[in-house]
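*Asks:* Everything below, folded, please.
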Amino acid sequence: MSQGQHRDRRFPAEWEAQDGVLIAWPHADSDWRSLLDQVDRVYRDLAEAVTRFEQLLIVTPEPDRVAEQLAPTTANRDRIQIIDLPTNDTWSRDFGPLTVETSNGLRLLDWGFNGWGLKFAAHHDNQVTRRLWQQGIFGATPLETVPLIFEGGSIESDGRGTLFTTSQCLLEANRNPGLSREAIAQIIQQQLGGDRLIWLEHGHLDGDDTDAHIDTLVRIAPNDTLIYVACDDSSDSHAAELAVLEAELKTLRTTDGQPYHLIPLPWPQPCFDEDGQRLPATYANYLVINGAVLVPTYGDPADQEAIAAIAAAFPDREAIGINCRPLLEQHGSLHCITMQLPAGLLSR
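*Replies:* Just a heads-up that it's a prediction; the model follows:
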């Protein structure tokens, strides 16, 4: 664990009030080409769910096609803004802005994004946050460029100064070569205002391109609750590593010295692509918005159990399942394609 006093900034928890959600709609000049019909359906469902509660910003190089996709849906068009921008891919969680509170109001943080350690092209995606800001989408909110390769899916915040991440991701050699664990921690805590940065040393999902993003494994919820991936199938290749992760979580303590309340998630049946490669199905990749929590489902017998487990941690919100099975084909899920925008960001 990395500690330090950084009281001049605060990284809000996801369950705090939001203005909206940012997404990047899939298009034919991306890896979604052969699956576009299936993944469009996921995005239509997501648009319908989000716009019941808040605004939706859609980045796309094909605004007319996206408008056509939305036309037959029940999505609230008054809450949708379509922005014409080039993108490489759709994973807004990792190239979208992180927003912090400061004594002078909200501030946008634009981190470097290099395609999860140079695995994929990212030249357009790395510019999305700055281009949105240049177009005035975020009003007068200041933008700060942070000299660190860092993805939104690699960090969790309780909104009270404790941050969670994974060593496997942040210390991966092609992200920030030459920077020590201590140097990386210092930058993150300074920028996000964390008093504690808890590094998890265990956990992975086969087929995950992100090098164990925290949002695929462990999520922080209200009342010092950790919701985490657990494997109850002893024959599964993940069983041993996820058991060690669970044991690690049991050793963690809150700032009051108490153990965290732990909620294990059910383990979905293995999913494979057409080449027989394991896909990273995880229920931990849910999204919290105003009045609801959107839970990825996969057409699996454990779907309803997962929705119920997550709903228990958010009793004041409606739990809504979104079929995200097509997203697994490109190794992500619901939280990965979204970025929440805190209250005050779109109205300034």
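*Asks:* can you give me the strands for the stretch 51-200 of the chain?
*Replies:* Under the criterion DSSP state E, counting those that start in this stretch, strands of the stretch 51-200 of the chain are mapped to 55-60, 80-84, 98-102, 105-112, 143-149, 156-157, 162-166, 196-200.
*Asks:* I'd like these laid out as JSON lines, including mean pLDDT, mean neighbour count and distance to Ala183.
*Replies:* (C-beta placed from N, C-alpha, C; glycine too.) Compiled in JSON lines, those are given as follows (pLDDT from 0 to 100; neighbours: other C-beta atoms under 10 Å; distance: least, C-beta to C-beta, whole Å):
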{"stretch": "strand 55-60", "mean pLDDT": "99", "mean neighbour count": "24", "distance to Ala183": "32"}
{"stretch": "strand 80-84", "mean pLDDT": "98", "mean neighbour count": "16", "distance to Ala183": "35"}
{"stretch": "strand 98-102", "mean pLDDT": "98", "mean neighbour count": "19", "distance to Ala183": "19"}
{"stretch": "strand 105-112", "mean pLDDT": "98", "mean neighbour count": "19", "distance to Ala183": "15"}
{"stretch": "strand 143-149", "mean pLDDT": "98", "mean neighbour count": "15", "distance to Ala183": "9"}
{"stretch": "strand 156-157", "mean pLDDT": "99", "mean neighbour count": "22", "distance to Ala183": "20"}
{"stretch": "strand 162-166", "mean pLDDT": "99", "mean neighbour count": "24", "distance to Ala183": "14"}
{"stretch": "strand 196-200", "mean pLDDT": "98", "mean neighbour count": "20", "distance to Ala183": "12"}
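*Asks:* Can you say which of the ones you listed is nearest to Trp133?
*Replies:* Ranking those by distance to Trp133, with C-beta to C-beta as the measure, places strand 143-149 first at 4.5 Å.
*Asks:* Each with direction, which strands does the closest one pair with?
*Replies:* strand 105-112 (parallel) (DSSP bridges).
*Asks:* Other residues contacting the strand it pairs with?
*Replies:* Strand 105-112 is touched from outside by 9, 97-101, 126, 129-130, 133, 138, 141-151, 191-192, 342, 344-345, 348, with contacts defined as C-beta atoms under 8 Å, 6 or more residues apart in numbering.
*Asks:* so which of the strands of the stretch 51-200 of the chain comes closest to Ile187?
*Replies:* Nearest of these (C-beta to C-beta): strand 143-149, 5.1 Å.
*Asks:* so that closest one versus strand 98-102, what angle?
*Replies:* 120 degrees (axes from the mean of the first three to the mean of the last three C-alpha atoms, to 10 degrees).
*Asks:* Now do the residue of the chain most remote from its centre against Thr210, distance only.
*Replies:* Distance from the C-alpha centroid of the chain peaks at Ser235, with 29.1 Å (C-alpha atoms, centre = their mean). Counting by C-beta to C-beta, to the nearest Å, the separation of Ser235 from Thr210 is 26 Å.
*Asks:* Ok, Asp64 next?
*Replies:* 32 Å.
*Asks:* And those two? Which one has more around it.
*Replies:* Set Asp64 next to Thr210 and count neighbours by other C-beta atoms under 10 Å: Thr210 wins out with 26 against 10.
*Asks:* Just give me the neighbour total for the nearest residue to Leu265 once chain neighbours are set aside.
*Replies:* Take Leu265 and drop its neighbours on the chain: the residue closest to it by C-beta to C-beta, 6 or more residues apart in numbering is Tyr283, 4.5 Å away. Using other C-beta under 10 Å, Tyr283 has 28 other residues around it.
*Asks:* and Tyr283, what is it in contact with?
*Replies:* By C-beta under 8 Å, 6+ apart, the contact set of Tyr283 is Val229, Leu265, Pro266, Pro268, Val295, Pro296, Ala302, Ala306, Ala309, Ile310.
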